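K.L.:
Next input, structure requested:
(2 chains)
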Protein chains: 2
Amino acid sequence: MPERIGKYTMRFKNPPSILGYASVVGKKEGEGPLGKLFDLCHNDTSLGETSWEKAESRLQNEAVNIALDKAGLQNTDMDCIFAGDLLNQCISSTFGLRGLDIPFLGQFGACSTMAQTLSLASIFVESGAARKAAAVTSSHFCSAERQFRFPLEYGGQRTPTAQWTATAAGSVIVGTEEPKEGKKITVQAVTIGRISDLGIKDMNNMGAAMAPAAAQTLTDYLHDTGTSPDEYDLILTGDLGLVGSELMEELLEKENIQISSRHNDCGLMLYDREAQDVHAGGSGCGCSASVLCSTILQQMSQGQLHNVLFIATGALMSPTSSQQGESIPGIAHLVYLKA
Amino acid sequence: MPERIGKYTMRFKNPPSILGYASVVGKKEGEGPLGKLFDLCHNDTSLGETSWEKAESRLQNEAVNIALDKAGLQNTDMDCIFAGDLLNQCISSTFGLRGLDIPFLGQFGACSTMAQTLSLASIFVESGAARKAAAVTSSHFCSAERQFRFPLEYGGQRTPTAQWTATAAGSVIVGTEEPKEGKKITVQAVTIGRISDLGIKDMNNMGAAMAPAAAQTLTDYLHDTGTSPDEYDLILTGDLGLVGSELMEELLEKENIQISSRHNDCGLMLYDREAQDVHAGGSGCGCSASVLCSTILQQMSQGQLHNVLFIATGALMSPTSSQQGESIPGIAHLVYLKA
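P.N.:
Residues are numbered from 1 along each chain as shown, chains lettered A, B, ... in the order given. Modelled structure (predicted):
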């Protein structure tokens, strides 16, 4: 059973394990520094589908199927799948997964969705609510641009603080058994974030909108557990990008919490920021999902990383809320992974 | 701890209890047959706000605050809130609840959201992941019409199978204690639904798109638990409306499951269908939420209802998916409530 520690954190008495994971990405992501580490790189951003939305659905479907395959499991072995994405009414998830026939719980956490779905899958497995559960999320540059900003055909200019929505999906299978190969990776603890809104209104500066939430959730976790940043190999945020990462470190320094020596951000890892012209870095649910489900879990499985705090961040706005003059609320959920 | 029974159902060993609940509705809902049973009826559909979206956010905020008040609790007593709605990126939930400072997990289940959030709140409380958790959802006729169909100013005609999106919100507080007054209502079991898609493409016939999912989830639950419909006082779906309710009963009759003598649908209860000109009935996340959080939980609390299966249904589409020629996947989650 999950055990509450402090005000905001739960720790698992019998930490559930990661039985399989997979990442599926588009062409640009495949050409980036992590390109060789993904399970599947598509050269055609449309994935051969007739719409960007259908392409994104397929990313998500493929990520789940590859993760199941790597875990030696089938869809019928799953008691539950937690899935979400950025598109209106989460259609990447619902259409991507409708054929799998797995009990489905749609999630909305914007770009924090990978941490949210992994948290819920872990809580379900550890509590006995599910024997095995899956977590998955995705984003697609082309479907996100036309929904949140402008259709690609418009050729809108991007500001220096803008982030590039990843065409990517990541999926994790959670259970109680040993993994088929590599070191056992367990989910040890979870901190569910609170909504934080410091009044940022610039839709092209999501990193700044999400940084306070990331700082808040990490502070909550460290306070609840009585641990310090140097007890972890890596504090991995996603996706604050360049602007948000610096802001988060600044906010934490005011609380006398130093993380810069062990902090990295998925939005700064997925692309070569200069060469690939992604401005402040990557973003989108698929960014942190594909980074976690490739290099991070691989390094943990191979014994190169042991204690990782994964803090995925989300901007909880819509084009409508921004058009109505609203600020951008941020959220961040934390998952403590141990190999 | 939740205990798995059969393939799709979980039963609670220590059933969590409903500590408080509240419903907040608009003018039309207040004029309907349940009008006197809601906690708050607004006479101005804008709730005095400057946009329909802000009005819907306020419905949700008020429902949570009244439910907390009725439970004798404060926002700081909550370990988690599960919330969702129909608007793009769930902005009714995020903007409505951002001031509450409660750990937030956004849900997307379309009109099944009340059952989904109540299920998750119950699982969290029973497993120890939360000591107290809240569930809430909302919908608003005017924000839904302009997002899913046409702006009100267009004056679009409605087809006979169309349902009327409720301007309403409902919230439930789940914990382990005895309620302050009335009979103790507990959550005994949950069945998480699978996505069902029989190819319905008519956005004005959601009831037909969702009926197969409701039939599937009820069949799963009855099979898993080895129980029959006559062991329950009420099998309450929401929101199939007239067309979907008849279709669901037909589908179940083919499996030799008779529910008509104890079946009712939230979409048929919220309005006077003829006098209030709502065609096939009510719909929207707030419809089943406000019916559950008024007459149903009140009757259970007063000892008039004892065993209720609450099956909220959702249509997992978006205007984009329908414009791209996609069918409408349905889902239904079941919660077994006992007084």
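K.L.:
Tell me the secondary structure at A:Glu3.
P.N.:
A:Glu3 falls in the strand class when you classify it by DSSP: H, G, I helix; E, B strand; the rest coil.
K.L.:
can you count the residues close to A:Ser196?
P.N.:
By the other CB atoms under 10 Å in any protein chain shown criterion, the neighbourhood of A:Ser196 contains 22 residues. Where C-beta positions appear, they are placed from N, C-alpha and C, glycine not excepted.
K.L.:
what about the closest residue to it other than its chain neighbours, helix or strand, and which?
P.N.:
Nearest non-adjacent residue to A:Ser196, counting by CB to CB, 6 or more residues apart in numbering or on different chains: A:Ala213, 4.1 Å away. Taking DSSP states H and E as the definition, A:Ala213 sits inside helix A:206-225.
K.L.:
Flag every buried residue along stretch A:239-257.
P.N.:
Using 16 or more other CB atoms under 10 Å in any protein chain shown as the burial criterion, the residues of stretch A:239-257 that qualify are A:239-249, A:251-252, A:257.
K.L.:
can you check stretch A:4-24 too?
P.N.:
A:8-12, A:15-24.
K.L.:
cool, and stretch A:297-312?
P.N.:
Buried residues in stretch A:297-312 (16+ other CB under 10 Å): A:Leu297, A:Gln298, A:Gln299, A:Met300, A:Ser301, A:Leu305, A:Asn307, A:Val308, A:Leu309, A:Phe310, A:Ile311, A:Ala312.
K.L.:
Alpha carbons only: can I get it in CSV?
P.N.:
Output of stretch A:297-312 as CSV, limited to C-alpha atoms (Å, rounded to 0.1, in the frame of the first residue of the first chain):
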residue,chain,number,x,y,z
LEU,A,297,15.5,4.2,-18.3
GLN,A,298,18.3,2.6,-20.5
GLN,A,299,21.0,4.2,-18.3
MET,A,300,19.2,3.0,-15.2
SER,A,301,18.8,-0.5,-16.6
GLN,A,302,22.5,-0.6,-17.4
GLY,A,303,23.5,0.6,-13.9
GLN,A,304,24.8,4.0,-15.0
LEU,A,305,22.1,5.9,-13.1
HIS,A,306,20.7,4.8,-9.8
ASN,A,307,18.4,7.4,-8.2
VAL,A,308,16.5,9.7,-10.5
LEU,A,309,13.8,12.3,-9.7
PHE,A,310,11.6,12.7,-12.8
ILE,A,311,9.6,15.9,-12.6
ALA,A,312,7.4,16.5,-15.7
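K.L.:
who's in contact with the nearest residue to A:Ile192 once chain neighbours are set aside?
P.N.:
Spatial nearest neighbour of A:Ile192, chain neighbours left out: B:Pro103 (3.8 Å); criterion: CB to CB, 6+ apart. With contacts defined as CB atoms under 8 Å, 6 or more residues apart in numbering or on different chains, B:Pro103 is in contact with A:Tyr8, A:Thr191, A:Ile192, A:Gly193, A:Arg194, B:Met78, B:Asp79, B:Cys80, B:Ile81.
K.L.:
ok, back up a step: can you list the buried residues of stretch A:239-257 in JSON lines and add secondary structure?
P.N.:
Formatted as JSON lines, the buried residues of stretch A:239-257 follow (three-state DSSP):
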{"residue": "A:Asp239", "secondary structure": "coil"}
{"residue": "A:Leu240", "secondary structure": "coil"}
{"residue": "A:Gly241", "secondary structure": "helix"}
{"residue": "A:Leu242", "secondary structure": "helix"}
{"residue": "A:Val243", "secondary structure": "helix"}
{"residue": "A:Gly244", "secondary structure": "helix"}
{"residue": "A:Ser245", "secondary structure": "helix"}
{"residue": "A:Glu246", "secondary structure": "helix"}
{"residue": "A:Leu247", "secondary structure": "helix"}
{"residue": "A:Met248", "secondary structure": "helix"}
{"residue": "A:Glu249", "secondary structure": "helix"}
{"residue": "A:Leu251", "secondary structure": "helix"}
{"residue": "A:Leu252", "secondary structure": "helix"}
{"residue": "A:Ile257", "secondary structure": "coil"}
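K.L.:
Adding pLDDT and distance to A:Ser171, write those out as TSV.
P.N.:
Shown next, in TSV, are these (pLDDT from 0 to 100; distance: CB to CB, whole Å):
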residue	pLDDT	distance to A:Ser171
A:Asp239	92	18
A:Leu240	94	23
A:Gly241	93	23
A:Leu242	92	27
A:Val243	92	29
A:Gly244	94	25
A:Ser245	96	25
A:Glu246	95	31
A:Leu247	95	30
A:Met248	96	27
A:Glu249	97	30
A:Leu251	96	31
A:Leu252	97	30
A:Ile257	97	32
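K.L.:
just curious, which of the buried residues of stretch A:297-312 is nearest to A:Leu87?
P.N.:
Lowest distance from A:Leu87 to those (CB to CB) belongs to A:Ala312, with 17.6 Å.
K.L.:
hang on, that closest one is in a strand, isn't it?
P.N.:
Yes: assessed by three-state DSSP, A:Ala312 belongs to a strand.
K.L.:
which strand residues sit across from it in the sheet?
P.N.:
Beta-bridge partners recorded for A:Ala312 (DSSP bridges): A:Gly238, A:His333.
K.L.:
Give me the neighbour count for A:Asn75.
P.N.:
A:Asn75: 15 surrounding residues under other CB under 10 Å.
K.L.:
mind checking the SS state of A:Thr320?
P.N.:
When the rule is three-state DSSP, A:Thr320 gets the label helix.
K.L.:
pLDDT at it, what is it?
P.N.:
In this model, A:Thr320 is scored at 94, pLDDT.
K.L.:
go on, A:Gly286?
P.N.:
For A:Gly286, the predicted pLDDT is 97.
K.L.:
Spatially nearest residue to the residue in chain A that chain B sits nearest to, not counting backbone neighbours?
P.N.:
Nearest residue of chain A to chain B (CB to the nearest CB) works out as A:Ser127 at 3.3 Å. In space, and not counting its chain neighbours, A:Ser127 is closest to B:Ser127: 3.3 Å by CB to CB, 6+ apart.
K.L.:
Let me see the ranges of the helices in the stretch 101-250 of chain A.
P.N.:
Here the stretch 101-250 of chain A has its helices, by DSSP state H, counting those that start in this stretch, at A:113-127, A:141-148, A:206-225, A:241-254.
K.L.:
Mind putting these into CSV with distance to B:Gly325?
P.N.:
As requested, these are arranged in CSV below (distance: least, CB to CB, whole Å):
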stretch, distance to B:Gly325
helix A:113-127, 27
helix A:141-148, 16
helix A:206-225, 32
helix A:241-254, 36
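K.L.:
Return the most buried member of the ones you listed.
P.N.:
Among the helices of the stretch 101-250 of chain A, helix A:113-127 has the highest mean neighbour count (mean count of other CB atoms under 10 Å in any protein chain shown), at a mean of 30.
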